[in-house]
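Enquirer: Got a sequence here, can you build the structure:
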Amino acid sequence: MSTASSRPAPVVVLGPTASGKSDVAMAYARDHRGGDGAEIVAVDSMQVYRSMDIGTAKPSVADQAAVVHHCLDLVDPDVDHTVAEFAVAARAALDVVAARGHRAVLVAGTGLYLRSVTDPMEIPGRWPQARRDVELRLAERGSAALHRELGELDPLAASRMEPSNERRVVRALEVVLGSGRPFSSFGAGIGDHPPSPFVQIGLQWPRARLAERIESRVHAMMDRGLLAEVEQLAGRPAGWSRTARQALGYKELLAHLDGDVGLDEAVDAIVTRTRQFAVRQERWFRRDPRIRWVPVSEDPVAEVLPILQHS
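Expert: Purely as a prediction, here's the structure:
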């Protein structure tokens, strides 16, 4: 077994949705089974939900049987799972992997969740009444108006998020109004990049090629039964948390099941919003100068794995 001093640093394979980061991580982990092996830690805000498998591109049953995975299926969809709770689970997983003498391979698509692991921060508490008040205003006025309100109360926090990111805007206002402190005062913020023990490798696709991959993946998910998965989840007696309902693919197909849009229109919306989400993911990750970006043109495993093997 490796000693703590000889064990390779945890490695992060990151990138936008449909970039192939999970395939790269699986290829690496399969090559390092046994002895000083590798285990995968999923860093994804939606893969924490049980039964949300197809739409979140959760690793297959076969992949999970072949390689140990952590931080999947942590809670039921009716639970509002927070980044603070995820950070606790992820750090516990890293401790377990290290204790076995293995290397942790973090597969990251959710930037804030990754930062909570690589750069531990002070996580604000919860203020339910403040959140209810903010959500009422969101329903009445929309996220752009709330973003302007946040800009008046905490300009730095507002500058760090898109006005269209309802979840983050609501959370920031909840903290500001509930705690009486600026949301940006909780930690150094995402603009700070101190030395880190994590090796971070990013998959960089030409935008047009990534857009094609996203469209192909959405249609593949539909062929695998995404609509049936959403329909089954919609019938759960416990319902869905607001967070889970906002997941890409699920939100749009729920609108279809409610009779608001046709199926083709819903699928088109999934493709469009997933492409927009991929742009936001890249924009987030690009802020971090510690990431080594690897250009990919055709085969992410063939083009990235050799670099990962020597990291």
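Enquirer: can you map out the strands along the protein?
Expert: With DSSP state E as the criterion, the chain has strands at 11-14, 38-43, 69-70, 103-108, 199-204, 291-295.
Enquirer: Output those strands in TSV; the columns should cover distance to Ile214, mean neighbour count and mean pLDDT.
Expert: C-beta coordinates here come from the backbone N, C-alpha and C atoms, glycine included. Formatted as TSV, the strands of the chain follow (distance: least, Cβ to Cβ, whole Å; neighbours: other Cβ atoms under 10 Å; pLDDT from 0 to 100):
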stretch	distance to Ile214	mean neighbour count	mean pLDDT
strand 11-14	16	25	98
strand 38-43	19	25	97
strand 69-70	23	21	98
strand 103-108	17	24	97
strand 199-204	13	21	97
strand 291-295	18	15	97
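Enquirer: nearest to Arg137, of those strands?
Expert: Closest approach to Arg137 among the strands of the chain is made by strand 38-43 (31.1 Å; Cβ to Cβ).
Enquirer: Find the centremost residue of the chain, please.
Expert: For the chain, Thr110 is the residue whose C-alpha lies nearest the centre (Cα atoms, centre = their mean; 2.6 Å).
Enquirer: who's in contact with that residue?
Expert: Residues in contact with Thr110, defined by Cβ atoms under 8 Å, 6 or more residues apart in numbering, are 43-45.
Enquirer: between the residues you listed, which is nearest Ile54?
Expert: Out of the contacts of Thr110, the one with the shortest distance to Ile54 is Asp44. That distance is 13.9 Å, counting by Cβ to Cβ.
Enquirer: quick one, what contacts that closest one?
Expert: Per Cβ under 8 Å, 6+ apart, neighbours of Asp44: 56, 71, 107-110, 113.
Enquirer: that older thread, can you redo the strands of the chain as TSV with distance to Pro155?
Expert: Supplementary listing: the strands of the chain in TSV, determined by distance: least, Cβ to Cβ, whole Å:
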stretch	distance to Pro155
strand 11-14	28
strand 38-43	29
strand 69-70	37
strand 103-108	28
strand 199-204	29
strand 291-295	27
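Enquirer: looking at the ones you listed, which is closest to Asp133?
Expert: In terms of Cβ to Cβ, the element of the strands of the chain nearest to Asp133 is strand 38-43, at 31.1 Å.
Enquirer: which helices and strands does the closest one pack with?
Expert: For strand 38-43, the elements it packs on are helix 21-31, strand 69-70, helix 83-99, strand 103-108, helix 111-118, judged by 3 or more Cβ pairs under 8 Å, 6 or more residues apart in numbering; DSSP states H and E.
Enquirer: Now render the ones you listed as a markdown table, adding distance to Arg213.
Expert: Below are those laid out as a markdown table (distance: least, Cβ to Cβ, whole Å):
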| stretch | distance to Arg213 |
| --- | --- |
| helix 21-31 | 11 |
| strand 69-70 | 23 |
| helix 83-99 | 26 |
| strand 103-108 | 16 |
| helix 111-118 | 20 |
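Enquirer: Among the ones you listed, which comes closest to Arg171?
Expert: Of all those, it is helix 83-99 that lies closest to Arg171, at 9.0 Å by Cβ to Cβ.
Enquirer: where in the stretch 1-150 of the chain is pLDDT low?
Expert: 1-7, 34-35 (pLDDT under 70).
Enquirer: now the helices for the stretch 201-311 of the chain?
Expert: With DSSP state H, counting those that start in this stretch applied, the stretch 201-311 of the chain shows helices at 207-224, 226-234, 242-245, 250-257, 263-286, 300-309, listed in chain order.
Enquirer: Give the buried residues for the fourth one.
Expert: Within helix 250-257, the residues that qualify as buried by neighbour count (16 or more other Cβ atoms under 10 Å) are 250-254, 256.
Enquirer: could I get it in PDB with only the CA atoms?
Expert: Listed in PDB are the C-alpha atoms of helix 250-257, where the atom choice follows Å, rounded to 0.1, in the frame of the first residue of the first chain:
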ATOM      1  CA  TYR A 250     -36.700  16.800 -15.800                       C
ATOM      2  CA  LYS A 251     -38.000  20.400 -15.600                       C
ATOM      3  CA  GLU A 252     -38.800  20.400 -19.400                       C
ATOM      4  CA  LEU A 253     -40.400  17.000 -19.400                       C
ATOM      5  CA  LEU A 254     -42.500  17.800 -16.400                       C
ATOM      6  CA  ALA A 255     -43.900  20.800 -18.400                       C
ATOM      7  CA  HIS A 256     -44.800  18.300 -21.100                       C
ATOM      8  CA  LEU A 257     -46.500  15.900 -18.700                       C
END
